[in-house]
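1. with the sequence up front, the predicted model follows.
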Amino acid sequence: MKRNILIVDDDPQVLNSLKKLFIKEGYLVSSALSGKSALEKIEKQDFDLVIIDIRMPELDGIKITKRIKEILKNRCKPDVPVLFITGYADLASNAKAENLGEVILKPFDLEGFLEKVKQQITKRRVVITGLGVVAPNGIGKDEFWEANLKGISGADLITEFDTSGYYTKICAPVKGFNPSKFMSELTANKSERFVQFAVAGAKLALEDSKLDLSKEDLNRVGVCIGSGLGGMFFYEKQILKMQKEGPQRVHPTSVPRIMPNAPSGQISIELNLKGPNLTVSTACASGSHAIGQAYELILHNKAEIMFAGGTEAPLVPYTFAGFDALRVMSKRNASPKEASRPFDRERDGFVMGEGSGILILEELNHALKRKAHIYAEIIGYSLTSGAFHMIIPVEDGKDAAKTMQEALREAKVSIEEVDYINAHGTSTPANDKAETKAIKEVFGDYAYKIPISSTKSMIGHTIGASGAIEAIVCCLVIENNIIPPTINYKYPDPECDLDYVPNEARKKKVDIALSNSFGFGSNNACLVFRRYK
């Protein structure tokens, strides 16, 4: 199928030479000498690419492009990529244009210019077609979503081990999980809990997607899973065994059981997936980074389908004691379900949770061919480092702000188009204050108009799984036009004064959602999701 290009330039010579060039290359070409003419053509016809001069009288290229994108949005048409051409180094205008498309300076190398056009016109898009979640307040997409809308907390007193010497005695465990529903008993017995969660999430996502893997080229299907800690239970158990009985008594399967890439490896083995197989470990940003990396693999044609997300099972004595010693967890032991209270003035730390979130990412045309249900499209991803401290966030939130800004720039989304933010919102005094500052830095006055919620108020902080579970929340928000609440919000904090959707779910049309994840080690991630049109 021939691709259709619209060229807009007030110089007839430039217009005609570009038109001849692209017709010769086999493209269908329409041209416009003015902004008015360009808008008339956009109203009547669909284009795969717009090439436009930044500097034109009356309506410049930036104003025309904004109008074009508004027209397409109002007509529920897909967005169109834009290449800006200019022979004048106006840095301010070029910077504005880069938020809407790609800028190419004249004189340009002809071969390079044609390659840019080819890249833009054949740009792959990535959609989400399957959701699998194992969470403290629900196993499976439907049970989890219903619990979120009702504000049900999964927090409880720790029963997994003796907490008599701990400051914190509460957690958010996954209850009623039976790994043999998702794998053989032999495999389950040889796998750590964080692996079991990941395999369960992957198989739930596969079932939800209605993908028939027997019809797929499995060399083009991959896995990318995030985990901040790995298989800590078996690790702790073997250390104690070695101390008591000597090194010869350490179990021979210790290494494959505890290694952080065990979940991605086991998923690929269970489902016979032979494409990219990756693990990301960036603390609390792991799940979001895994989704972002999978997204980029599909964009760059390294895969057609990716199972991506995060998993964690940190509710074990030594690991829990390590976090306990940091004094980052809530000590509201008398009322576990009220302990996670993001952005509330009385917050005193996070509640440690466990679980997994796995999403199926798919190249758009592949999804359309099999008539897949599309939850949302990923349109932006960024990752940065605060380069500040291994534990404490940057107080002014400027690194987090930069992460959001870069994700929005890649998504080519204005701040006023963002309908919802799923906050990192851990319920620690420092994080919630810094994230609020970051949101204000990015969105200015509009920050007060955006609904923001932290679903960690209900499931606690699942470390490497958190960003992935929150990505699933964003997809379900877009799917259902309902925003889950931030529960336990009772006492407003003057330093956290935005709209955190307190205590009750809220109906609202959401087309674009943003998800933040910030991890120990100054790791930042941001994902932007859009309703597929």
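-> Ah, there it is.
2. pull out the buried positions in stretch 393-405.
-> Within stretch 393-405, the residues scored as buried using 16 or more other Cβ atoms under 10 Å are 393-394, 397, 399-405. To be clear about C-beta, it is placed using only N, CA and C from the backbone, and glycine gets the same treatment.
3. show me which of the residues you listed is closest to Ile68.
-> The shortest separation between Ile68 and any of these is 23.0 Å, and it belongs to Gln405 (by Cβ to Cβ).
4. so the closest residue to the closest one other than its chain neighbours, which state does it fall into?
-> The shortest distance from Gln405 to any non-neighbouring residue, by Cβ to Cβ, 6 or more residues apart in numbering, is to Val442 (5.7 Å). The local conformation at Val442, judged by DSSP: H, G, I helix; E, B strand; the rest coil, is helix.
5. residue contacts, Val442?
-> Residues near Val442 by Cβ atoms under 8 Å, 6 or more residues apart in numbering: 401, 404-405, 408, 415.
6. which residue ranges form the strands in the stretch 1-150 of the chain?
-> Counting by DSSP state E, counting those that start in this stretch, the stretch 1-150 of the chain has these strands, from start to end: 4-8, 28-32, 49-53, 82-86, 102-105, 126-135, 138-139.
7. would you tell me which one of the ones you listed is buried the most?
-> Sort the strands of the stretch 1-150 of the chain by mean neighbour count, taking mean count of other Cβ atoms under 10 Å, and strand 126-135 sits at the top with a mean of 28.
8. partner strands of that one, parallel or antiparallel?
-> Using DSSP bridges, the strands paired with strand 126-135 are strand 138-139 (antiparallel), strand 355-363 (antiparallel), strand 376-385 (antiparallel).
9. of all the strands of the stretch 1-150 of the chain, which one comes closest to Gly165?
-> Distances from Gly165 to each of the strands of the stretch 1-150 of the chain were compared using Cβ to Cβ; the shortest belongs to strand 126-135, at 28.5 Å.
10. just checking, Asn272 touches Leu218?
-> Yes. Using Cβ atoms under 8 Å, Asn272 is in contact with Leu218, at 5.7 Å.
11. show me which of those two is the more surrounded one.
-> With other Cβ atoms under 10 Å as the criterion, Asn272 and Leu218 differ in neighbour count, and Leu218 comes out ahead with 15 against 10.
12. okay, the closest residue to that one other than its chain neighbours: pLDDT?
-> The spatially closest residue to Leu218, leaving aside those adjacent along the chain, is Lys274, at 4.8 Å (Cβ to Cβ, 6+ apart). The predicted local confidence for Lys274 comes out at a pLDDT of 97.
13. go on, Ser254?
-> Reading off the model, Ser254 has pLDDT 74.
14. and for Lys73?
-> The predicted local confidence for Lys73 comes out at a pLDDT of 78.
15. again with Asn94
-> Per-residue confidence for Asn94 comes out at a pLDDT of 86.
16. could you give the number of residues near it?
-> Here the number of neighbours of Asn94 (other Cβ under 10 Å) works out to 16.
17. next one: it from Glu304, what distance?
-> Applying Cβ to Cβ, to the nearest Å, one obtains 35 Å for the distance of Asn94 from Glu304.
18. ok, now Ile258?
-> 32 Å.
19. residue ranges with poor pLDDT in this protein?
-> Applying pLDDT under 70 to the chain flags the ranges 1, 76, 89.
20. longest helix of it?
-> Of all the segments of type helix in the chain, defined by DSSP state H, the longest one is helix 193-209.
21. how far is that one from where the chain is centred?
-> Helix 193-209 has its average C-alpha position 18 Å from the chain's average C-alpha position, going by Cα atoms, centre = their mean, to the nearest Å.
22. packing partners for whatever helix or strand comes next after it?
-> Scanning the chain past helix 193-209 towards its C-terminal end, the next helix or strand to appear is strand 221-226 (assignment: DSSP states H and E). With contacts defined as 3 or more Cβ pairs under 8 Å, 6 or more residues apart in numbering; DSSP states H and E, strand 221-226 has these neighbours: helix 262-271, strand 277-280, helix 286-299, strand 305-312.
23. which is the next helix or strand following the last one?
-> Right, the one you point to is strand 305-312. From strand 305-312 onward toward the C-terminus, using DSSP H and E, the following helix or strand is helix 317-326.
24. and His461, backbone torsions?
-> phi -100, psi 110 (degrees, to the nearest 10).
25. residues in contact with it?
-> Under the criterion of Cβ under 8 Å, 6+ apart, the contact partners of His461 comprise 284, 340, 350-353, 426-427.
26. also Ser288?
-> For Ser288, the contacting residues are 226, 310, 467-468, 470-471, 515, 517, 525-527, by Cβ under 8 Å, 6+ apart.
27. dihedrals phi and psi, the nearest residue to Asn301 once chain neighbours are set aside?
-> Taking Cβ to Cβ, 6+ apart, and ignoring the residues beside it in sequence, Asn301 has Arg124 as its nearest neighbour in space, at 6.5 Å. With angles defined as degrees, to the nearest 10, Arg124 shows backbone torsions of phi -80, psi 150.
28. who are the contact partners of the closest residue to Met259 other than its chain neighbours?
-> Leaving out its chain neighbours, the residue that sits closest to Met259 by Cβ to Cβ, 6+ apart is Gly230, at 6.4 Å. Contact partners of Gly230, counting by Cβ under 8 Å, 6+ apart, are 194, 258-260, 262, 281.
29. same deal with Phe47?
-> With the criterion set at Cβ under 8 Å, 6+ apart, Phe47 makes contact with 4-6, 30, 41, 80.
30. and the residue lying closest to it once chain neighbours are set aside, bridged to which residues?
-> Excluding its sequence neighbours, the residue lying closest to Phe47 (Cβ to Cβ, 6+ apart) is Leu6, at 4.5 Å. With DSSP bridges as the criterion, the beta-bridge partners of Leu6 are Ser30, Val50.
31. these two touch, right, Thr253 and Lys190?
-> Yes. The pair Thr253 and Lys190 qualifies as a contact (Cβ under 8 Å) at a distance of 6.4 Å.
32. need the contact list for Asn333.
-> If a contact means Cβ under 8 Å, 6+ apart, then Asn333 has 157, 168-170, 339 as its contacts.
33. go again with 10 Å.
-> Shown in contact with Asn333 (Cβ atoms under 10 Å, 6 or more residues apart in numbering): 157-158, 163, 166-170, 339.
34. what's the separation between it and Glu245?
-> Counting by Cβ to Cβ, the gap from Asn333 to Glu245 is 35 Å.
35. cool, Cys475 as well?
-> Taken as Cβ to Cβ, the spacing of Cys475 relative to Glu245 amounts to 48 Å.
36. the two: which has the busier surroundings?
-> In this view Cys475 and Glu245 are compared by other Cβ under 10 Å, and Cys475 has more residues nearby, 26 against 10.
37. grab the nearest non-local neighbour of the more buried one.
-> In this structure, Cys475 finds its nearest non-sequential neighbour in Tyr375, 4.1 Å apart by Cβ to Cβ, 6+ apart.
38. among the buried residues of stretch 393-405, which are in helices?
-> Of the buried residues of stretch 393-405, the ones assigned to helices by DSSP H are 399-405.
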